[in-house]
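compute the structure for the input listed below.
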Amino acid sequence: MSARRPPARRPRKRRPSRRRRQEEQFLVLAGGGVMAAAVVWAVLSWLVANWWILIVLGAAAAVGGAVWGHRLQQQRAWDRVRQQALRYGLPQLDALHHRDFEYAIRDLMLRDGCTDAARQIGGAGDNGADVLATDPLGRTWSVNCTSVGSLGGVM
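Numbers count the residues shown, from 1 in each chain. Next comes the predicted model:
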């Protein structure tokens with residue numbers, strides 16, 4: 001009878017030490033940095049050889065900035081005109097749908113200086129508040145917009 005040998009053990013793979021992993025990470029980062037620097041150098045060299053592209057890009061950026069600034073200025077002027085012209089007569093208010101009436105109240109409060117009156121919150125679970133706003137003196141307003149129809153005709 002021959003003695004049976006135990007199966008050969010495979011050598012265990014050793015995990016790299018923490019220091020070795022840090023060295024590998026550093027080498028990868030250093031290689032990436034060198035590559036990034038080479039790309040930047042190549043782009044700068046190309047731009048120096050083709051300097052006219054910088055002039056075209058600068059002119060396009062200036063034109064785009066001027067157009068954007070002009071549009072912003074026009075939008076602000078239009079908002080001021082629209083807010084100053086925001087007036088409702090009683091027949092107009094009476095003819096509004098209840099949701100449009102809430103928006104009208106919000107817009108009127110914005111016109112009169114309530115900067116945060118954009119919080120129109122009407123709906124189920126609103127605790128009776130349809131529009132919340134803070135006036136220029138710091139007072140908080142909670143407005144409930146109730147239509148005559150919802151009161152059953154009682155005023």
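
what's the burial count for residue 93?
If you count neighbours by other Cβ atoms under 10 Å, residue 93 ends up with 13. Any C-beta I mention is one placed from the backbone N, CA and C, and that applies to glycine too.

how about it, what does it touch?
By Cβ atoms under 8 Å, 6 or more residues apart in numbering, the contact set of residue 93 is 101, 104.

in a strand, it, correct?
No: applying DSSP: H, G, I helix; E, B strand; the rest coil, one finds residue 93 to be helix, outside a strand.

ok, it to residue 102 distance?
11 Å (Cβ to Cβ, to the nearest Å).

domains of this protein?
According to automatic domain parsing, the chain is divided into the following domains: 19-82, 89-150.

now do the same end-to-end measure for the longest one.
Taking Cα to Cα, to the nearest Å, domain 19-82 runs 68 Å from one end to the other.

mean confidence for it?
In this model, domain 19-82 has an average pLDDT of 92.

which stretches in the protein count as strands?
All strands of the chain, identified by DSSP state E, fall at 119-120, 131-134, 140-143.

next, the buried residues of the second one.
Using 16 or more other Cβ atoms under 10 Å as the test for burial, strand 131-134 gives 131, 132, 133, 134.

what packs against that strand?
Packed against strand 131-134 by the contact rule (3 or more Cβ pairs under 8 Å, 6 or more residues apart in numbering; DSSP states H and E) you find helix 98-111, strand 119-120, strand 140-143.

next, format the ones you listed as CSV and append distance to residue 56.
Below are those laid out as CSV (distance: least, Cβ to Cβ, whole Å):
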stretch, distance to residue 56
helix 98-111, 43
strand 119-120, 46
strand 140-143, 53
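
all good on my end, thank you.
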